[in-house]
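let's see this in three dimensions:
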Amino acid sequence: NISDKSCSVGNDNIGIGILVPIDGDFTELSSGTLTAIDIAAGNFGIIHPGTKLLVGNTKSDADIAVEVVEHMYDMGIRTFVGPSTSLEAMKVLEWSETKHDEVVFITPYASA
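Alright, predicted model coming up:
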């Protein structure tokens, strides 16, 4: 459930994970986010060609959100936009507190 919006993550690249509910409840939150990501991938990719934006479908499910974050984390991603709901945000925050590396989440919709 992860789609690639740019080039590959490596030593000279920056990876950003995008966590959105493409299916399930709250899908209305994802349309604006995905439009912004498409614009960012085009514009930011020109300025910073080593940037990779990976979109992960959380399906509005906190457990799936953690699975998506874990997968991206294993790929070397440490910066995320999302998840979209407070329940997902609380769950991924709990998960991130078990990691030694700093993990950053920018959550535009979650209030918790």
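
which residues in this protein form strands?
For the chain, the strands defined by DSSP state E cover 2-4, 14-20, 51-57, 79-81, 104-106.

nearest residue to the spatially most central residue of the chain other than its sequence neighbours?
The centroid of the chain falls nearest to residue 18 when counting by CA atoms, centre = their mean (2.3 Å). Of all residues not flanking residue 18 in the chain, residue 55 sits nearest, at 4.5 Å (CB to CB, 6 or more residues apart in numbering). For glycine as for every other residue, the C-beta is placed from the backbone atoms N, C-alpha and C.

wait, the one you found touches residue 37, no?
Yes: counting by CB atoms under 8 Å, residue 55 touches residue 37, with 6.5 Å between them.

look up which residues are beta-bridged to the nearest residue to residue 106 once chain neighbours are set aside.
Nearest non-adjacent residue to residue 106, counting by CB to CB, 6+ apart: residue 81, 5.1 Å away. Counting by DSSP bridges, residue 81 is bridged to residue 18, residue 106.

and residue 81, how many neighbours?
21 (other CB atoms under 10 Å).

what are the buried residues along stretch 14-25?
For stretch 14-25, the neighbour count (16 or more other CB atoms under 10 Å) marks 14-22 as buried.
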